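> How does the following fold in three dimensions:
(4 chains)
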Number of protein chains: 4
Amino acid sequence: MATEHRVTVRVRYGETDQMGVVYHPNYLLYFETGRTELMRAAGVIYSEMEKSGVFLVVTQASCRYRAAARYDQELTVLTRVDEVRKATVTFSYRVLGPGGGLLAEGSTELASVDRDKNPVRLPKEVSELLSK
Amino acid sequence: MATEHRVTVRVRYGETDQMGVVYHPNYLLYFETGRTELMRAAGVIYSEMEKSGVFLVVTQASCRYRAAARYDQELTVLTRVDEVRKATVTFSYRVLGPGGGLLAEGSTELASVDRDKNPVRLPKEVSELLSK
Amino acid sequence: MATEHRVTVRVRYGETDQMGVVYHPNYLLYFETGRTELMRAAGVIYSEMEKSGVFLVVTQASCRYRAAARYDQELTVLTRVDEVRKATVTFSYRVLGPGGGLLAEGSTELASVDRDKNPVRLPKEVSELLSK
Amino acid sequence: MATEHRVTVRVRYGETDQMGVVYHPNYLLYFETGRTELMRAAGVIYSEMEKSGVFLVVTQASCRYRAAARYDQELTVLTRVDEVRKATVTFSYRVLGPGGGLLAEGSTELASVDRDKNPVRLPKEVSELLSK
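Sure thing, here's the model as predicted:
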């Protein structure tokens, strides 16, 4: 749980807006890449999890914007598992610019549900892998 | 088939890019609004069509960009059914700016498929309504 | 400040994801439509504000997701000005489904900056109009 | 001109739609990654080109969709320079799935313009690098 996962994303042209910086909702996409790759590194392939019938839905998201990201920059997304509970998992994120400065930080809470969107327990192996 | 359907869309902030104009793939979203509203006006609610098990997948799309659209402008999307065949329908589109100038024009071909993505005939009532 | 502004948005196809519901970052787009239209109704055309050299950048955003929105639904976005300060304005939002049920609620803080992204006071008429 | 550039992109969750496949306009984003990375490999950093005052605007885009791409798949984008003229460059693209099957193919024409969107010649070094 203490380990922070690191992945880089390159800002695409279409992710900018007319202010010349990354459009603010797109940080949630970077967060998603962060948690997906953290999970993959921990041994949980989220696309396989969905195939097995367990889905993680975002129930809460927040972001503080500190400085602007720009087109073609390679950003670093640092992701951490904050808390694993029976049927929810909370991740926190920091997005750093090319020089290492903090651009944004935030968190998301996700709940595990079945195909019919009913809450279900997180699969045991997922809880365990994410709790490490 | 000869009638042209008209709908307006207002450019959202996030649809612009750092060039200060609408990012080019977003015209395909305007096209989609155009054909969905043309269909609705003709009596075909596409979301209902999907519920009944028939999906329209885009098999071809093209667009020529003539002039730039800008944030907050109200654009007019003119949509026309070009051709209805057994299992495909082709739409063409023109996007006009606030002053009536042509900004973009294009077309899309859609094929009707079932839930398993196998080709199926267009529902008869859809063919008929779109052929009028 | 007490008045709540109401605008409707129709869910576009591309706003859904493979879970069959609206992809969570897209609620921030609905929030943006909410505050832009609240401002317009109050007499502040944001695109004109930018032309005059004052920009509103999102410095904080949060959203709680209560229930899923689906393709082609007409959603209601209720927007309220929570607080107007010298150089920031905070909005809160509620997104309702076709039946009036709460789908999501959230807030954003925006700061006014000049072309060089330096903080500036909100234009007086903007503060006044938004404080009403 | 004969060389084909290869880059991989991983399908993001938000790039899918409720059909469970990549939403069709998103292929234009993959095309953009393809040409940007082809240019970078040839020695042309597009973001630097913009800073020097020359912009490439898409004047035409087309895509044929052959098979569906799915969430989390690693796609291969093959990009080729088709033609370099005084003030335009045309790229063609093929997108392959994980097994190597063709998912989509298309092309885009781009025109070089200055900050005021007036046509200008392609910078000589760009023409030369892309013509190799």
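
> quick one: residue A:39 is in a helix?
Yes. Per DSSP: H, G, I helix; E, B strand; the rest coil, residue A:39 lies within a helix segment.

> Let me see the backbone angles for residue A:26.
Backbone torsions of residue A:26, given as degrees, to the nearest 10, read phi -70, psi -20.

> Any idea how many residues pack against residue A:132?
11 (other C-beta atoms under 10 Å in any protein chain shown). The way it works is simple: take the backbone N, C-alpha and C, and place the C-beta from them, glycine included.

> quick one: it and residue A:41 touch, right?
No. Counting by C-beta atoms under 8 Å, residue A:132 stays clear of residue A:41, with 10.8 Å between them.

> And residue A:10, how far from residue A:98?
Distance, residue A:10 to residue A:98, using C-beta to C-beta, to the nearest Å: 10 Å.

> which neighbours do these two share?
A:73, A:74, A:75 (C-beta atoms under 8 Å, 6 or more residues apart in numbering or on different chains).

> wouldn't the first one be in contact with residue A:11 here?
To tie it back to what came earlier, the one meant is residue A:73. Yes. The pair residue A:73 / residue A:11 is scored as a contact, 5.1 Å apart, by C-beta under 8 Å.

> how about residue A:17, what does it touch?
Going by C-beta under 8 Å, 6+ apart, the list of residues near residue A:17 reads A:23, B:13, B:14, B:16, B:17, B:18.

> Repeat that for residue A:46.
A:36, A:39, A:40, A:56, D:72.

> Kindly recompute the last result at 6 Å.
A:36, A:39 (C-beta atoms under 6 Å, 6 or more residues apart in numbering or on different chains).

> quick one on the thing from earlier: which of the contacts of residue A:17 sits closest to residue D:88?
residue B:17 (19.7 Å; C-beta to C-beta).

> mind checking the backbone torsions on the closest one?
Torsion angles, degrees, to the nearest 10, at residue B:17: phi -130, psi -170.

> Ignoring the adjacent residues along the chain, who's closest to it?
By the measure of C-beta to C-beta, 6 or more residues apart in numbering or on different chains, the closest residue to residue B:17 outside its immediate chain neighbours is residue B:23, 4.1 Å from it.

> Kindly tell me how buried that neighbour is, as a neighbour count.
26.

> my guess is it contacts residue A:14, does it?
Yes. With contact defined as C-beta atoms under 6 Å, residue B:23 counts as touching residue A:14 (4.7 Å).

> pretty sure residue A:117 belongs to a helix, no?
No. Under three-state DSSP, residue A:117 sits outside any helix and is assigned coil.

> The closest residue to it other than its chain neighbours in helix, strand or coil?
With C-beta to C-beta, 6+ apart as the criterion, residue A:117 has its nearest non-adjacent residue at 6.8 Å, and that residue is residue C:68. Secondary structure, three-state DSSP: residue C:68 is coil.

> next one: residue A:28
helix.

> ok, back up a step: hmm, which of the shared contacts of residue A:10 and residue A:98 are the buried ones?
A:73, A:75 (16 or more other C-beta atoms under 10 Å in any protein chain shown).

> Now distance to residue C:87 and secondary structure too, for the shared contacts of residue A:10 and residue A:98, in TSV please.
Compiled in TSV, the shared contacts of residue A:10 and residue A:98 are given as follows (distance: C-beta to C-beta, whole Å; DSSP: H, G, I helix; E, B strand; the rest coil):
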residue	distance to residue C:87	secondary structure
A:73	27	coil
A:74	31	strand
A:75	27	strand
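
> what's the distance between stretch A:52-60 and the middle of its chain?
How far stretch A:52-60 lies from its chain's middle: 13 Å, per C-alpha atoms, centre = their mean, to the nearest Å.

> For that stretch, buried residues please.
So for stretch A:52-60, counting by 16+ other C-beta under 10 Å, buried means A:54, A:55, A:56, A:57, A:58, A:59, A:60.

> For stretch A:27-42, buried residues please.
Buried-residue list, stretch A:27-42, by 16+ other C-beta under 10 Å: A:27-40, A:42.

> Could you tell me which residues of chain A lie near chain C?
For chain A, the residues in contact with chain C (C-beta under 6 Å from any C-beta of the partner chain) are A:24, A:25, A:28, A:58, A:59, A:60, A:61, A:62, A:63, A:64, A:65.

> that older thread, TSV please, covering the shared contacts of residue A:10 and residue A:98 and showing pLDDT.
Below are those laid out as TSV (pLDDT from 0 to 100):
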residue	pLDDT
A:73	98
A:74	98
A:75	98
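
> And for residue A:48, the neighbour number?
11.

> and it, backbone torsions?
phi -70, psi -40.

> And it, what's its pLDDT?
At residue A:48, the pLDDT value in this model is 97.

> What of residue A:125?
At residue A:125, pLDDT is 89.

> tell me the contacts of the residue lying farthest from the centre of chain A?
Most distant from the centre of chain A: residue A:18, at 25.6 Å, with distances by C-alpha atoms, centre = their mean. Counting by C-beta under 6 Å, 6+ apart, residue A:18 touches B:16, B:20, B:71.

> Quick check: closest non-adjacent residue to the second one.
It stands for residue B:20. residue A:18 (4.6 Å).

> So that neighbour, which state does it fall into?
coil.

> Please see if stretch A:77-93 touches chain D.
No. Applying C-beta under 6 Å from any C-beta, one finds stretch A:77-93 separated from chain D by no less than 12.9 Å.

> mind checking the end-to-end distance for that stretch?
End-to-end distance of stretch A:77-93: 7 Å, with C-alpha to C-alpha, to the nearest Å as the criterion.

> in it, what's buried?
A:77, A:78, A:79, A:80, A:81, A:84, A:88, A:89, A:90, A:91, A:92, A:93.

> Skipping its backbone neighbours, what lies nearest the last one in space?
To tie it back to what came earlier, the one meant is residue A:93. Nearest one to residue A:93, counting by C-beta to C-beta, 6+ apart, is residue A:31 at 4.7 Å.

> What mean pLDDT does the helix or strand containing the one you found get?
Secondary structure assignment for residue A:31, by DSSP states H and E: helix A:26-42. Here helix A:26-42 scores 97 as its mean pLDDT.

> That helix relative to helix C:26-42, how many degrees between them?
On the basis of axes from the mean of the first three to the mean of the last three C-alpha atoms, to 10 degrees, helix A:26-42 is oriented at 170 degrees to helix C:26-42.

> quick one on the thing from earlier: quick check, nearest of the shared contacts of residue A:10 and residue A:98 to residue C:124?
residue A:73 (36.0 Å).

> For chain C, see how far away the closest one is.
According to C-beta to the nearest C-beta, to the nearest Å, residue A:73 stands 16 Å off from chain C.

> wait, doesn't that residue sit right on residue A:99?
No. The pair residue A:73 / residue A:99 is not scored as a contact, 9.6 Å apart, by C-beta under 6 Å.

> And the strands in chain A, which stretches?
A:4-10, A:55-65, A:74-84, A:88-96, A:102-113 (DSSP state E).

> Arrange these in a markdown table, one row each, with distance to residue C:126 as further columns.
What follows is the strands of chain A, written out as a markdown table (distance: least, C-beta to C-beta, whole Å):
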| stretch | distance to residue C:126 |
| --- | --- |
| strand A:4-10 | 35 |
| strand A:55-65 | 21 |
| strand A:74-84 | 32 |
| strand A:88-96 | 30 |
| strand A:102-113 | 26 |
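
> picking up where we left off before, let me know the closest of the contacts of residue A:17 to chain D.
Distances from chain D to the contacts of residue A:17, taken as C-beta to the nearest C-beta, are shortest for residue B:18 (8.0 Å).
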